[in-house]
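Chemist: Structure for the following, please:
(chains A, B and C)
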Amino acid sequence: MSKVENLEKIIEKFGPHPHDEPIDGWQADRNIDKVVPTHCPYCAVQCGMNLLVEKGNLVGFEPRYDFPVNEGRLCPKGVTAYLQTHHPDRLLHPLIKRNGYFERASWDEALDLVVSNIERIQEKHGKDSLGVYSGSSLTTEKTYLMGKFARVGLQTKYLDYNGRLCMVSAAAGNKKAFGIDRAANPWSDIPDAEVLMIAGANCAETFPVLNKFLWQQRDRGGKWIIIDPRETTTARQGDLHLQLKPGTDVALANGILNVLINEGFTNEEFIKARTNDWELAKQTALKYSPQTASEITGVPAEKIVLAAQMYGRAKTGMLLHARGVEHHSNGVNNVLSYINIVLATGKIGARGNGYGTITGQGNGQGGREHGQKCDQLPGARMIDNPEDRKYVSDVWGIDESEMPGAGVSAVEMFQKMREGEIKGLLSVCNNVMVSLPDINKVRQALEGLEFYVCIDFFMSEGARYADVVLPSTTWSEDEGVTGTGEGRVVKINRASDPPGEAKTDWWIIQEIARRMGRGKFFAFNNPREIFDELRVASKGGKADYFGISYEKIEKQDGVFWPCPTEDHPGTPRLFEEEFYHEDGKAKFHGIEFNSPDETPDEEYPLILTSGRVVYQYLSGNQTRRIGFLVDQCPEPYVEIHPKTAMKLKIIDGERVKVISRRGEGVFPALVVKTIRPDTLFIPYHWGEEMAVNQLTNPKLDPVSKIPEYKACSARVEKLPTRNLPVLGQKQKYVKGSELEKPNGNRKRQGKGK
Amino acid sequence: MNYRLSTLFGLGASAILTVLILVGSRNLQNFDSALFGYTVASVIAFGALIFRYALWLQRPATRTYWKRGWQIYLKREKFVQNTGIAAKTFAGNILAQSFILKRGFKRWLMHFLIMWGCIISAMITFPLVFGWVHFELEGDIGYRAYLFGFPLQLMQGRSITAWLTFHALDITAIMVLVGCGIAIHRRLHDRGAIALQQFLLDFVPHLMLIAISVSGLMLTASSLWFDGYMYHFIALTHQATVIMTLFYLPFGKLFHIVQRPASLGVELYRKRSPEMQQAECPRCRTEFSAQIWVDDLNKVIEKLGFDYTLPDGTKLQDHCPQCKRIMRGISYANLPDVNEPVFLGVRAEESKEEVQTKDNV
Amino acid sequence: MKETMFIDPQRCIGCRSCVAACRECSTHKGYSMIFVDNIDRRESTATMPTVCMHCVEPTCALVCPADAIKVSEDGVVMSALKPRCLDCRNCVNACPFGVPKYNTEMHLQMKCDMCFDRTSEGLKPMCASVCPTGAISFGSYEQIVPLRRTKPVNAHTFGEQSVETNVYLMLPTDAENVEVDGCGVFEGRIAVDEESDGQESWMDELAGETNKSNEF
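Modeler: Residues are numbered from 1 along each chain as shown, chains lettered A, B, ... in the order given. So this is what the prediction gives:
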């Protein structure tokens, strides 16, 4: 029922079309009516920016110099973010798919169709036959509402969110080691660290503005140790680069810990006073001499020793990691093995001494705290904890027995769709056909659904499979709070009105609930009311928001949670006194190295890893429509080392076929020395036949259920024909008038080369 | 700069104009002595303009272009074709100003109104002032115009042609006023313009044109509706504003009026350059300009006292702009750092080793 | 305390945020006047940001046949005066840094004018405001230099010619001067790929807004 039949027509109508100018063209003589301070819609740095509004239209931005995190700085995505709001591809009306075409419908018609289908499916197959798949680019209010909607509105246990594809390994690891899931230090601590160890994080491309702190640290004479299979921009700028084989982090971390122990860099006092289970970690680490670690990781032993000495000798140091460490079938172990290093040297819980996971999505932190994770309730409470269930049920006004149990993680949910256990899906704020691993299987799952409703503001690759698409709002058309990667809660403000008939996500969700007869639980009139309930629901939980208010956020330039009372200033730095386990101590873990699920063999001799480029954001649904960003990076490519390329007789720029056990794709080769000869890299922001996720391994981490994006086996083949589109050929820019949507006079056409 | 030569040119120009006035007005027979002030100012301003033009042509770059433009134009086998190109360019760029249209419609409209307003006015007033054209009343029927003393067709007193002829200056004045209005509005609202503009350079010319137009219109109003009330005072004001503008011509923004036609030469140069040998960037092997153009530029640069010769004998300007940037980047990247080449990151040592092994082999 | 730009290519992460933001400046709204070039993507991710260096004796202004390029009192080399510019491209080809851009249709040259519209209101130029790493910074010598471990230099040598600029380039600590000799290849270009040695990576040419000859 949910097949995509007229893909070309859908693309023609809904894009992605590159478009690159404000609503009425580039004009220098504007009369700005309103300057709205807000934050960038993209990554977890949540840079402050001011939006310029003229006659109700968003017409530009101005650096927000007074916001302490970025002080006006922005990456190219942030600079062009405002261009998405009046983009001609915006969905303006509810759409119902009839005979393979999306047709305009009224809200009543579309919502009634959604509700009747939900009710039909749930009546026939039970409440749990409906899945809800949410996202972390929503404001925290909306993520809270999504959790409540699934459990109280739809009464299904199957709810999860796309943070599952992002940083859950870090969350799980943090919880195991520290008892809480939040970055330990504010980013302003970075400049005070003598040495930084950055693992699996290409900050230069994925968190550009974070580099402000990194370079401040550098300017004070600090050193960087970079752990990455590619010589990324960050690695190039660093002082020591450990270019490890993808998926061998545990061996490397154990090797470093080994040197730290043997050279006496451990902080015995700290270990004794504030941690448990040191012996476990110590005994395991002693098995990994630098030589052993070197053999597994491919990093020269002397570099491992040097890294340990640099980190060990430094008086202060911070360890940061991101997706490169977490996207593995042993992601949690990777994280724990790095935490062991931090705890063993006692470099945590003080100015310049710390640890942090760099969350990916804009609201990656806030979005995982308030109950849209399959096993969690608001305030980072656990759904299988009777006390927590009771508390939240009381806040929501339901009986505890009505509260569904824990569901399953995102990838498992799509597995259940294929198996027929989940028959209907409501998704908001995600793009499954780009971001999930092994998308050929995901396609099967979507095509097998009885009913699929998608809420989005652009027609994403995933939304094309939907039966009903409901138009929602961009970040600039609604207000709410987000939690940045450092645990700071900031507020997004509304700058313009939604175009056409588009509605805010919270209105849509509440309207569905109302039509299902659950309206009494969903009677919020604005985000502030949702936030007020959220504060109460999170009160006493780990992620305690009770003391946070919109006014306080504005006054303090954001509030760090936990913030339990109204006069509490928030908690920028964690673990200064104690950790969040019951005894107040942190925990070591003895972690043995396990290779990734797939290791190279004769048939698939290379390791394929995936990641991001600076010009695109996550599934690219927003950024692949902005002309400037498309110009800079029009399509995915595969990075190959010249040695490998020469062996395969591949020339730079040639299109090659990359094949894994799950699928294949054709990508232009980028022959560069910045990658390991045994590794391939493809950025993941594209869908359909351009998706690296046709190839990636859906194998999950047993604890965090994160898929193994960062290491699978693959091979590269030369193509017999070269009769393929010219590399980097620019797409034609769309004119607003061509789509019969309101737009300006002066158009600039893309200049084909 | 050779000021003497330029001065001679200026004086010569004034002299020629004086002779032309004498001849064209049949020895001042048709000359209106009330316009004597205008005439003197015109003669002086014309000389100054030519002086300035001659100075301008002495800039090395200008002279090269000037010479090259004529050279290309006068090539025998292409002469007809070149004339065609020049005519087309003249129509498109000078008469219609399509390139300003590309910068924006409002700007184009503004410039079009001011330019044609001024040109038409000048075409009417200068011949009148110089006595090249004059009108004589022929009974009750109407007027007869004389050009250089030769009679032209008789105009009916109440015909549309007559009305247009006598009110032409009012119409052009309104055109100029509207154009200046748009321009000043833009200058007050466009943030880019506000940042860059200077009162003397950008506002004064507009104010002068407005003063001329308004005082001119007041003359009409005074004679039509107010029985010549304050006519002489207004006429004097008008004369003063016109003379000030004439003297301003060679120095300020308005100099572009005589300078702009040089774009004909540039355009011709450009149109012809694809047929010529192309300059290839020695680094990336891309053709980026005509060879003759680059050679001319190198000569100009040399004349100006620069020497951009690189160690390999090429000139820096032989390279395309992107390669110039990248070459600088490479030089920067290869700077010795305390630890390692700046940009190479950790592979610095490895590659040094490999280079050594290669040398050994 | 004169404010100017300080360019530190070492810090550049190649995000081209400056290129996107440059289009927001009012004097050239919609067009970017800044460049970020890959130096040699095959070898490294290194990038080179280029803004106008605002030469003390600007070659571009001197080779202009129309005398259209003026220098402000603060030493800022301005875009060509619109009424005068003949679009001859002399400045584009003459500039030793490869900075000015031209547009044939509009008969216009434009270049970086250090965000005159913003600096005149006391704001930092757009590129220096958004640059995540401080590869492009704007401020006075006294403000910027003490914070850095790099050495500010405002002299370049291009073969035989030395050029003094109003914009500073930050050099790694023990270097004296940037000598552009044009013969350099990226240090460490080694034998692994003899077949394609000297060739540029396709990514080097993928420079969004402009083509090789600086047309916008």
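Chemist: CA only for contacts and neighbour counts going forward, please
Modeler: OK.
Chemist: May I ask which helix or strand encompasses B:Ile120?
Modeler: Per DSSP states H and E, B:Ile120 falls inside helix B:105-129.
Chemist: Toward the C-terminus, what is the element adjacent to that helix?
Modeler: strand B:133-138.
Chemist: Who are the packing partners of the very next helix or strand once past that next one?
Modeler: Next along the chain after strand B:133-138, taking DSSP H and E as the criterion, comes strand B:142-147. Using 3 or more C-alpha pairs under 8 Å, 6 or more residues apart in numbering or on different chains; DSSP states H and E, the elements in contact with strand B:142-147 are strand B:133-138, strand B:150-156.
Chemist: Residues of chain C that sit close to chain A?
Modeler: C:10-11, C:13, C:15-18, C:20-21, C:24, C:26-27, C:29-30, C:41-46, C:129-134, C:147-149, C:192-193, C:196, C:201-203, C:206-209, C:211 (C-alpha under 8 Å from any C-alpha of the partner chain).
Chemist: Go through these and flag which are in strands.
Modeler: The strands, defined by DSSP state E, take in nothing from the residues of chain C next to chain A.
Chemist: are any of those residues buried, and which?
Modeler: C:10-11, C:13, C:15-18, C:20-21, C:24, C:26-27, C:29-30, C:41-46, C:129-134, C:148, C:193, C:201-203, C:206-209, C:211 (16 or more other C-alpha atoms under 10 Å in any protein chain shown).
Chemist: neighbours around the closest residue to B:Tyr143 other than its chain neighbours, how many?
Modeler: Closest residue to B:Tyr143 apart from its sequence neighbours, by C-alpha to C-alpha, 6 or more residues apart in numbering or on different chains: B:Leu137 at 4.6 Å. Around B:Leu137 sit 13 other residues, with neighbours defined as other C-alpha atoms under 10 Å in any protein chain shown.
Chemist: Just send the helices and strands packed on strand B:142-147 back as JSON lines, with mean pLDDT and distance to C:Cys112 too.
Modeler: As requested, those are exported to JSON lines (pLDDT from 0 to 100; distance: least, C-alpha to C-alpha, whole Å):
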{"stretch": "strand B:133-138", "mean pLDDT": "83", "distance to C:Cys112": "51"}
{"stretch": "strand B:150-156", "mean pLDDT": "80", "distance to C:Cys112": "56"}
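Chemist: Of the ones you listed, flag the one that's most buried.
Modeler: Of all the helices and strands packed on strand B:142-147, strand B:133-138 has the most neighbours on average by mean count of other C-alpha atoms under 10 Å in any protein chain shown, namely a mean of 17.
Chemist: Specify the angle between that strand and helix B:105-129 in degrees.
Modeler: Orientation check (axes from the mean of the first three to the mean of the last three C-alpha atoms, to 10 degrees): strand B:133-138 against helix B:105-129 gives 60 degrees.
Chemist: and strand B:133-138, which strands flank it?
Modeler: Strand pairing for strand B:133-138, determined by DSSP bridges: strand B:142-147 (antiparallel).
Chemist: In the partner strand, which residues are buried?
Modeler: B:Gly142, B:Tyr143, B:Arg144, B:Ala145, B:Tyr146, B:Leu147.
Chemist: closest to chain C among those residues?
Modeler: In terms of C-alpha to the nearest C-alpha, no member of the buried residues of strand B:142-147 lies closer to chain C than B:Leu147, at 34.2 Å.
Chemist: any idea how far that closest one lies from chain A?
Modeler: Distance of B:Leu147 to chain A, given as C-alpha to the nearest C-alpha, to the nearest Å: 47 Å.
Chemist: Is there a neighbour count for the nearest residue to C:Pro132 once chain neighbours are set aside? I'd like the number.
Modeler: Sequence neighbours aside, A:Val209 is the residue nearest to C:Pro132 in space, at 4.6 Å (criterion: C-alpha to C-alpha, 6+ apart). Neighbour count for A:Val209, taken as other C-alpha under 10 Å: 26.
Chemist: surely A:Val209 meets C:Thr133?
Modeler: Yes - between A:Val209 and C:Thr133 there is a contact at 7.0 Å, judged by C-alpha atoms under 8 Å.
Chemist: Which parts of chain C are helices?
Modeler: Along chain C, counting by DSSP state H, helices occupy C:17-22, C:59-62, C:90-94, C:116-119, C:126-130, C:141-144, C:202-205.
Chemist: want to throw these into JSON lines with mean pLDDT?
Modeler: Below are the helices of chain C laid out as JSON lines (pLDDT from 0 to 100):
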{"stretch": "helix C:17-22", "mean pLDDT": "95"}
{"stretch": "helix C:59-62", "mean pLDDT": "94"}
{"stretch": "helix C:90-94", "mean pLDDT": "93"}
{"stretch": "helix C:116-119", "mean pLDDT": "88"}
{"stretch": "helix C:126-130", "mean pLDDT": "96"}
{"stretch": "helix C:141-144", "mean pLDDT": "93"}
{"stretch": "helix C:202-205", "mean pLDDT": "71"}
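Chemist: Of the ones you listed, give the one that comes closest to B:Lys106.
Modeler: helix C:116-119 (21.1 Å; C-alpha to C-alpha).
Chemist: what residue ranges in chain C score low on pLDDT?
Modeler: C:1, C:174-176, C:182-200, C:205-212 (pLDDT under 70).
Chemist: Any part of stretch C:43-61 near chain B?
Modeler: Yes - using C-alpha under 8 Å from any C-alpha, we find that stretch C:43-61 touches chain B at C:Ser44, C:Ala46, C:Thr47, C:Met48, C:Thr50, C:Thr59.
Chemist: For A:Tyr82, give me the backbone phi and psi.
Modeler: phi -70, psi -20 (degrees, to the nearest 10).
Chemist: swap that for A:Ser427, sorry
Modeler: Main-chain dihedrals, A:Ser427, degrees, to the nearest 10: phi -120, psi 150.
Chemist: Could you find the closest non-adjacent residue to C:Glu164?
Modeler: Ranked by C-alpha to C-alpha, 6+ apart and with sequence neighbours excluded, the top spatial neighbour of C:Glu164 is C:Ala155, at 4.6 Å.
Chemist: so the one you found touches C:Gln161, yeah?
Modeler: No - contact criterion C-alpha under 8 Å: C:Ala155 and C:Gln161 do not qualify, at 10.4 Å.
Chemist: How many neighbouring residues does B:Met218 have?
Modeler: For B:Met218, using other C-alpha under 10 Å, the count is 18.
Chemist: Only C-alpha atoms, please: export stretch A:280-294 in CSV.
Modeler: Extracted in CSV, the C-alpha atoms of stretch A:280-294 (Å, rounded to 0.1, in the frame of the first residue of the first chain):
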residue,chain,number,x,y,z
LEU,A,280,38.7,-5.3,36.7
ALA,A,281,39.7,-2.5,34.3
LYS,A,282,43.4,-2.8,35.4
GLN,A,283,43.6,-6.5,34.9
THR,A,284,42.1,-6.3,31.4
ALA,A,285,44.2,-3.4,30.4
LEU,A,286,47.4,-5.1,31.4
LYS,A,287,46.7,-7.7,28.7
TYR,A,288,47.0,-5.0,26.1
SER,A,289,50.6,-3.9,25.8
PRO,A,290,51.2,-1.2,23.2
GLN,A,291,52.5,-3.8,20.8
THR,A,292,49.3,-5.9,21.2
ALA,A,293,47.2,-2.8,20.7
SER,A,294,49.3,-1.8,17.8
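Chemist: next one: that stretch to chain centre, how far?
Modeler: 32 Å (C-alpha atoms, centre = their mean, to the nearest Å).
Chemist: so for it, what's the average pLDDT?
Modeler: Averaged over stretch A:280-294, pLDDT sits at 96.
Chemist: Tell me which residue of the stretch 401-550 of chain A lies closest to chain B.
Modeler: Proximity of the stretch 401-550 of chain A to chain B (C-alpha to the nearest C-alpha) peaks at A:Ala495, 22.5 Å away.
Chemist: how about low-confidence regions in chain A?
Modeler: A:1-2, A:721-753.
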